[in-house]
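Engineer: okay, predicted coordinates and the sequence, questions at the end:
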Amino acid sequence: MRETDGQHQMRKSPAVCRCSPEQLMAGSTRLIQQCCPCYLYVPLPQCISNSLTEIYLNFSNSQQLLSMLFFDFLKRFYYAAVSSPTPRKRDDAIRIGLLGASSIAPLAIMLPALSHPEVIVAAVAARDPERARQYAEKYSIPIVHDTYQELLSDPTIDAVYIALPNSLHFEWALRSIQARKHVLLEKPSCSNADEARSLFRHPLVTAPNAPVLLEAFHYQFHPAWQAFLYQIDHLPWGATVEHVYSQQYLPKGYLEMDDIRFHYGLSGGCLMDLATYPLSCVRQVLGRGEHLNCIEALHRPLPVASDGYQPEPQIDAAIKATYATDSDKTAEIRGDLLFGGGFSFLPAAWSHSLPSFRWPKTEARTGEILLNEQNDEVRHFVRRKVTLWNHLIPTVYHRIDICDTHTLRRGEEVVKTWDVMEYAKAYNWPAGDVRAQTYQEWWTTWRCQLVEFVNRIKGRAGSGVWIDGEESIAQMEAIDDTYAQAGLLTRPTSAFEVAIDRDPGTNSLRPAYYYKMSIESK
């Protein structure tokens, strides 16, 4: 969800270009920038020039700038990943229990909790109690519970972080809410849209003073993502977004072939893991008022193992999908859990077998806008593209590219075209924003998410960024729609339910969980 206040201030460009055709056609890019008010806008704080010309002309200043950037990077990396500040924990700190000894928890909750004075990771439970004990010893977690339910019954635990296989999210989120624990739930929230509707619209979740339930789309809480959305929401010339693209790739070999992501019964698949981020990104850019209709989806199945083992046919190792809205906007996503190839200097057979990497990115493109029409019939058009690189780990590095493509046409003839580039970064909220006093430049997306989770539990206003239940439901509906277009089944629905009745004496909700059928909790 977007921030609720307007923070990233920039002077809007005029709607009309006043440059003459002679100025536009004869001038250099720099001259055009100087004479045309359409270019005179103030970029976001911490913008840096990427002009090679200026670097060569101002070599000493560039050296100083690069040194400062490198020092800032080292400082962010040191505090975020090596040695986070460890303030004294407050007496009313929220005690969090981990459901699952997951590999993501150290990044997503344990490291952020170290620097938060109001959070303590106090307990862990895993399907294998011995694994839970080893995990607790490795990460200095004081309490180990033998079962998930035992952890939920612990009265000293205030909240839980659920990073179980996707197929168990619905059950244990609902059990946790029933136990009056606040829930930080890893994405995707559920196995399918039916589960999401059952969870987020459940009386236990929607009741007054119900525990907090948050789907952990952590990237949305970082100032970099909000700065990107601000650019989208404040386009000049009356422009609107026409097309959105988002991608995310994982190099081949990073995951073992027996990983839970490759099991249909555990609600696996690329769209249920990595590609859920690009889908969330395009939905964020287009806005929750726009309903996405999947018009095409293609998937690549898992490869046959070298020993002849046949992979599950309903699993997507990679997926590509295109969408359209009722207002004729379009979107495209790409995700790959086994990304390889792309090395043109190698034989194709070799290249295909090698792992490859591409930066996560999300870009939004406007339609073409007519700025000016002169007497000689030369018309001046402009189209803007805004790209955010590395929205998932922006603390390490990110960049917002703002590219305005200008075109002069005489009739159908293209007379001239040129690009004007600006760059922006946002490691924190803008200077002067009250939130910049709370946030730190070295905070990761997970640390930003944690502070807002705590703010919501404590009843504080926070940054204004939040992911509510209806947003999580819409995300799962888009996933189901995409799988249907790809010719794949939606992920299986859990048999777990919570029956609700009312106490005759108090008329209050009285939950009692049960199974429709006997299934084993994993």
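Structural biologist: Received the coordinates, thanks.
Engineer: for this protein, name the helix or strand with the lowest mean pLDDT.
Structural biologist: Least confident element among the helices and strands of the chain, by mean pLDDT, DSSP states H and E: helix 29-35 (a mean of 32).
Engineer: shaky segments in this protein?
Structural biologist: Applying pLDDT under 70 to the predicted model, the residue ranges of the chain that meet it are 1-69, 71, 306-308, 342-352, 374-375, 500-522.
Engineer: quick check, central residue of it?
Structural biologist: residue 219 (3.8 Å; CA atoms, centre = their mean).
Engineer: hang on, that residue packs against residue 225?
Structural biologist: Yes - using CB atoms under 8 Å, residue 219 is in contact with residue 225, at 5.5 Å. C-beta here means a position set from N, CA and C on the backbone, and glycine is covered the same way.
Engineer: now the common contact residues for those two.
Structural biologist: In terms of CB atoms under 8 Å, 6 or more residues apart in numbering, residue 219 and residue 225 are both contacted by the residues 391, 394, 445.
Engineer: distance of the first one from residue 185?
Structural biologist: Which is residue 391. 20 Å (CB to CB, to the nearest Å).
Engineer: again, but for residue 80
Structural biologist: In this structure, residue 80 and residue 185 are separated by 23 Å, where distance is defined by CB to CB.
Engineer: part of a helix, is residue 333?
Structural biologist: No - counting by DSSP: H, G, I helix; E, B strand; the rest coil, residue 333 falls outside a helix, being strand.
Engineer: so it bridges to which residues?
Structural biologist: Each beta-bridge partner of residue 333 is listed here: residue 246, residue 321, as defined by DSSP bridges.
Engineer: tell me the contacts of it?
Structural biologist: Taking CB under 8 Å, 6+ apart as the test, what residue 333 contacts is 245-247, 275, 278-279, 281-282, 319-321, 323.
Engineer: same thing but 7 Å
Structural biologist: Neighbouring residues of residue 333 by CB atoms under 7 Å, 6 or more residues apart in numbering: 246, 275, 278-279, 282, 321.
Engineer: again with residue 321
Structural biologist: Shown in contact with residue 321 (CB under 7 Å, 6+ apart): 294, 296-297, 333, 482, 485.
Engineer: give me that answer again for 10 Å
Structural biologist: Taking CB atoms under 10 Å, 6 or more residues apart in numbering as the definition of contact, the neighbours of residue 321 are 271, 275, 278-279, 282, 292, 294-299, 331-335, 478-479, 481-483, 485-486.
Engineer: residue 292 too?
Structural biologist: Residues in contact with residue 292, defined by CB under 10 Å, 6+ apart, are 244, 279, 282-283, 286, 321, 323-326, 329-331, 333, 474-475, 477-478, 481-482.
Engineer: give me that answer again for 7 Å
Structural biologist: Residues touching residue 292, when contacts are defined by CB under 7 Å, 6+ apart, comprise 283, 323, 325, 331, 478.
Engineer: how far away from the center of its chain is the strand or helix carrying residue 248?
Structural biologist: Using DSSP states H and E, residue 248 maps to strand 241-251. Here strand 241-251 is found 11 Å from its chain centre; the criterion is CA atoms, centre = their mean, to the nearest Å.
Engineer: what do you get for stretch 315-334?
Structural biologist: Here the centre of stretch 315-334 is set off from its chain's centre by 16 Å, with CA atoms, centre = their mean.
Engineer: surely residue 160 meets residue 100?
Structural biologist: No - using CB atoms under 7 Å, residue 160 and residue 100 do not qualify as a contacting pair, with a distance of 9.7 Å.
Engineer: for the two, work out which one has more neighbours and name it.
Structural biologist: For residue 160 against residue 100, the residue with the higher neighbour count under other CB atoms under 10 Å is residue 160, and the figures read 28 against 25.
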